[in-house]
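Chemist: Sequence unavailable; structure follows:
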Ligand code: CA
């Protein structure tokens, strides 16, 4: 059973807050609410969320201040900023201050749902693909650290498993080394990070690709990163 994702809605407009709660609960999420910045701060200190929907313009403490503060404290919960039209500049800074995505009001609820799912998939690949899943011709077992194909059984390391899980959760999308490094190693990119990422990809390819000089599972996208194509 997939565990229910819990979302915190931080929004001072009561109508929007209630509409968001109804909609998210209907789609199977657990929902908590905060009506201003102070309340958001208190709620976040008490409980762990899977995602926070954060209005940029809030009384007492702004969404911007909240997000910056949380990131400074090392909180990693994904944040989607809700911005009003015309807050173009804030939008850009919104992403710089550690938000994972933003959506401009008025937005459609379907669009918001798509963004929420994408961010959750990105930030929690385990939730998206589970512990056993298909990856190209392989059956991956994350707990056993094995990739199986027919009678062939390949042992994979924990890191390799995390890399596979991330690609499987994000098929048909170019993933930069920076993104991969941040997700799998949980660190920001550095020169060492680039080398580490490339070394792990090379090692993984030598295990799962027929010809690692011409990879067909985890492809290189020149100048951009890597991509796992899943035709299913
Ligand atoms: Ca507001």
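Modeler: Received, thanks. Everything numeric here is computed off the predicted structure, so don't read it as measured data.

Chemist: So for stretch 121-132, mean pLDDT?
Modeler: Confidence over stretch 121-132 (mean pLDDT, whole number) is 84.

Chemist: Using neighbour counts, pick out the buried residues of that stretch.
Modeler: Buried residues in stretch 121-132, counted by 16 or more other CB atoms under 10 Å: 121-125, 128-129. Placement of C-beta: from N, CA and C, glycine included.

Chemist: Taking the residues you listed together, which two end up most distant?
Modeler: 123 and 129 (13.3 Å; CB to CB).

Chemist: Residue ranges in this structure under the pLDDT threshold?
Modeler: Along the chain, the model assigns pLDDT under 70 to residues 1-2, 87-95, 232.

Chemist: And the strands in it?
Modeler: 6-10, 30-34, 51-55, 79-84, 101-105, 132-135, 138-141, 146-149, 152-155, 218-221, 225-228 (DSSP state E).

Chemist: got the residue ranges for the helices in the chain?
Modeler: For the chain, the helices defined by DSSP state H cover 14-26, 37-46, 63-72, 88-96, 109-123, 125-129, 158-169, 177-184, 191-208.

Chemist: can I get the ones you listed in a markdown table with distance to the ion?
Modeler: As requested, the helices of the chain are arranged in a markdown table below (distance: least, CB to the ion, whole Å):
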| stretch | distance to the ion |
| --- | --- |
| helix 14-26 | 8 |
| helix 37-46 | 10 |
| helix 63-72 | 8 |
| helix 88-96 | 12 |
| helix 109-123 | 15 |
| helix 125-129 | 29 |
| helix 158-169 | 32 |
| helix 177-184 | 30 |
| helix 191-208 | 37 |
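
Chemist: Deepest-packed of those helices, please.
Modeler: Highest mean neighbour count of the helices of the chain: helix 158-169, a mean of 21 (counted as mean count of other CB atoms under 10 Å).

Chemist: Could you check how far the residue of the chain positioned farthest from its centre is from residue 210?
Modeler: In terms of distance from the mean C-alpha position of the chain, residue 151 ranks first, at 33.8 Å (CA atoms, centre = their mean). Separation of residue 151 from residue 210 (CB to CB, to the nearest Å) stands at 16 Å.

Chemist: picking that back up, and the helices of the chain as TSV, adding distance to residue 216?
Modeler: As requested, the helices of the chain are arranged in TSV below (distance: least, CB to CB, whole Å):
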stretch	distance to residue 216
helix 14-26	39
helix 37-46	44
helix 63-72	38
helix 88-96	34
helix 109-123	23
helix 125-129	20
helix 158-169	13
helix 177-184	19
helix 191-208	10
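
Chemist: Can you add distance to residue 31 and give the buried residues of stretch 121-132 back as a markdown table?
Modeler: Compiled in a markdown table, these are given as follows (distance: CB to CB, whole Å):
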| residue | distance to residue 31 |
| --- | --- |
| 121 | 19 |
| 122 | 21 |
| 123 | 18 |
| 124 | 18 |
| 125 | 23 |
| 128 | 20 |
| 129 | 25 |
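
Chemist: okay, the strands of the chain in a markdown table with distance to residue 178 next?
Modeler: Listed next are these as a markdown table, based on distance: least, CB to CB, whole Å:
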| stretch | distance to residue 178 |
| --- | --- |
| strand 6-10 | 27 |
| strand 30-34 | 31 |
| strand 51-55 | 22 |
| strand 79-84 | 19 |
| strand 101-105 | 16 |
| strand 132-135 | 22 |
| strand 138-141 | 24 |
| strand 146-149 | 26 |
| strand 152-155 | 27 |
| strand 218-221 | 13 |
| strand 225-228 | 8 |
